[in-house]
Structures are given as structure tokens and as C-alpha cells.
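# Let's see this in three dimensions:
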Amino acid sequence: MKIVVIGGSGLIGSQLVNKLRQLGHDVNAASPATGVDTITGEGLADALTGADVVVDVANSPSFEDKAVMEFFETAGHNLLAAEKVAGIGHHIALSVVGTDRLQESGYFRAKQVQENLIKASGVPYTIVHSTQFFEFLSGIANAATQGEEVHLSPAHIQPIASADVAEEVAVVTLAAPLNGTVEIAGPDRISLSDLVQQYLTKNNDPRKVVADENARYYGAILNDQLLVPGKDARIGKIDFEYWYENQPKKS
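Take a look at the predicted model:
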């Protein structure tokens, strides 16, 4: 099978490309670095020629409201239009659990626009809704830091390791289109504020997490239902302790 992975050099994309190649598939890791740009459209037609499946795991370089909306809207239009011309049989997109429930946030509004474009495109599709990655914990902490305190919601999350995300997206990539959404999540549910405190403590980071119900997560106020999956979610194997112990250690 010939598969094009948009964002193929990123955190999820690079792992997904490796998995699919190990399974014997012809995989094009497409990104601006390889001459494929979904914003300008450069290289798209050539990249999709003869492809069976496209997997879009690219993310916006900016989370500012206007920039992120322009990214997902423009990239979505360009990619899906090129796929229709190329006769792509399955479009897979990586999105976020709770996207439709987090519309206070500019980032999630943009992700919803991306999903709506996919559903209206006529290209057979599967959308993968993932919970937050463990690899995002440092960025989440930094974005919420005020002096020596990190103000975060105590709402529940069910975070997942990027390796499990890549594994599940690979399974979806090799299956038939669902024309629907699947959810993936890690094995454990925990308070966001508690998890980030555990992460900082393990890193000997002196910052203290303040559990603040009014703290916003990328612009949205959270509750215990917004960032957790439903009962039919596919559950990864890697928990926080295993993930942390297997991270490259800083010298």
C-alpha cells in the first residue's frame, strides 16, 4: 500500500512512518522539509500521485487563534482538494478528544473546522480523537506558569504516550474507512494538576502546581468530562511511570 503521511517528520508522524515501513508499506513522509506544503499547495499533487491512503498528523506551528484557524482551514482545503483529484481512498486525521466540547478555545474551534471539512469532502475518512500526550506535559506546565506557580485545572484527563498514538493510528491506517470517529486514550485517568505536579517533581523542578478550577486550558474552562474519552475508546498500554522512565535522560 502507498501511504502519504502529512507531518511525517513530527512527533507522531516519524513514529508512524517507521511502523508502516516496517510492515512493508511504501510511505512518503511529507512535510515542507521534503517539498510538500499543505499551506501553499506546493508538491501536493506529486506526493499524492498513486497513493492509496493519506494520514494527516500535522499541527499548526502557532496556537494563536487567528493563525491556528488559518492553518487548519487552508491546509484542510488544499489537502482534501488534492486528494479528490488523486482519487485517495482513505483520509485519516489525528484530532483531539473533546474537540466539539471545547469550542471556547481558538485551537479547538480550528480543529472542529478541520473535521467539518473532512466530513464534507466526499473523501472516505476516519478521524482519530486522541487524549493529551505525555510529551505535552512540559509545554502545558510552561503555558500555565505564573512566577513560581503553575495554575492548572484539577479536571480529569486520560493522557496517552505518543508511541501508543502512533500504534493506534497505524491500525486505523491499514483498516477500511469508518466515515466516523474513533477515540484513543491512555490507561489511567488522573487530575491534570496532579499529573503535572508529578512530572515537575520527577524533574526536580521547583515550581508548584496550584489546582485552580478557573484556570483555562488553551482558552477553555475544563470539567471532568471534557478531556476524557467515552466508553468505547481504544486504550493504550503505556502508563505515566513507564513512559517517564523510558524518556531519554538529560545529561
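# Double-check that residue 91 belongs to a strand.
Yes: membership of residue 91 in a strand is supported by DSSP: H, G, I helix; E, B strand; the rest coil.
# residues in contact with it?
With C-beta atoms under 8 Å, 6 or more residues apart in numbering as the criterion, the residues that contact residue 91 are 53, 54, 56, 80, 83, 118, 121, 123, 124, 125, 126, 177. Quick note: C-beta positions are derived from backbone N, CA and C, even for glycine.
# Just the element for the last one, please.
When secondary structure is defined using DSSP states H and E, no element contains residue 177, which sits outside every helix and strand.
# and the gap between it and residue 39?
With the distance defined as C-beta to C-beta, to the nearest Å, residue 177 ends up 25 Å from residue 39.
# How about residue 218?
22 Å.
# and if you look at residue 80?
Between residue 80 and residue 39 the computed distance is 14 Å (C-beta to C-beta).
# the helices in this structure, which residues?
Chain-ordered helices for the chain, with DSSP state H as the definition, fall at 11-22, 44-48, 65-86, 106-120, 137-143, 162-173, 192-202, 240-245.
# Determine which stretch of the ones you listed is the most buried.
Greatest average neighbour count among these goes to helix 162-173 (a mean of 22), per mean count of other C-beta atoms under 10 Å.
# Can you give the distance of it from its chain's centre?
Centroid separation between helix 162-173 and its chain, computed with C-alpha atoms, centre = their mean, to the nearest Å, is 11 Å.
# what is the mean pLDDT for it?
This predicted structure assigns helix 162-173 an average pLDDT of 98.
# before we move on, what about stretch 186-202?
Confidence over stretch 186-202, taken as the mean pLDDT, stands at 98.
# can you redo the helices of the chain as a markdown table with distance to residue 228?
Below are the helices of the chain laid out as a markdown table (distance: least, C-beta to C-beta, whole Å):
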| stretch | distance to residue 228 |
| --- | --- |
| helix 11-22 | 20 |
| helix 44-48 | 35 |
| helix 65-86 | 23 |
| helix 106-120 | 15 |
| helix 137-143 | 16 |
| helix 162-173 | 16 |
| helix 192-202 | 11 |
| helix 240-245 | 15 |
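# can you tell me which of those comes nearest to residue 156?
Ranking the helices of the chain by distance to residue 156, with C-beta to C-beta as the measure, places helix 192-202 first at 7.4 Å.
# same for that closest one, what does it pack against?
Using 3 or more C-beta pairs under 8 Å, 6 or more residues apart in numbering; DSSP states H and E as the contact criterion, the neighbours of helix 192-202 among helices and strands are helix 137-143, strand 149-152, strand 156-157, strand 208-211, helix 240-245.
# thought residue 21 was touching residue 27?
Yes: counting by C-beta atoms under 8 Å, a contact exists between residue 21 and residue 27, whose distance comes to 5.2 Å.
# Need the residues that contact stretch 175-185.
With contact meaning C-beta under 8 Å, 6+ apart, stretch 175-185 is reached by 89-91, 95, 97, 124-131, 158-160, 164-165, 168, 172, 228-230, 232-236.
# do that again at 6 Å, thanks
When contacts are defined by C-beta atoms under 6 Å, 6 or more residues apart in numbering, stretch 175-185 is touched by residues 90, 97, 124-131, 158, 160, 168, 229, 233-235.
# related to what we said a few turns ago, pull out the buried members of the contacts of residue 91.
Among those, those classed as buried by neighbour count (16 or more other C-beta atoms under 10 Å) are 53, 54, 56, 80, 83, 118, 121, 123, 124, 125, 126.
# Any chance of those in a markdown table with pLDDT as columns?
A markdown table is the format used below for these (pLDDT from 0 to 100):
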| residue | pLDDT |
| --- | --- |
| 53 | 98 |
| 54 | 98 |
| 56 | 98 |
| 80 | 98 |
| 83 | 98 |
| 118 | 98 |
| 121 | 97 |
| 123 | 98 |
| 124 | 98 |
| 125 | 98 |
| 126 | 98 |
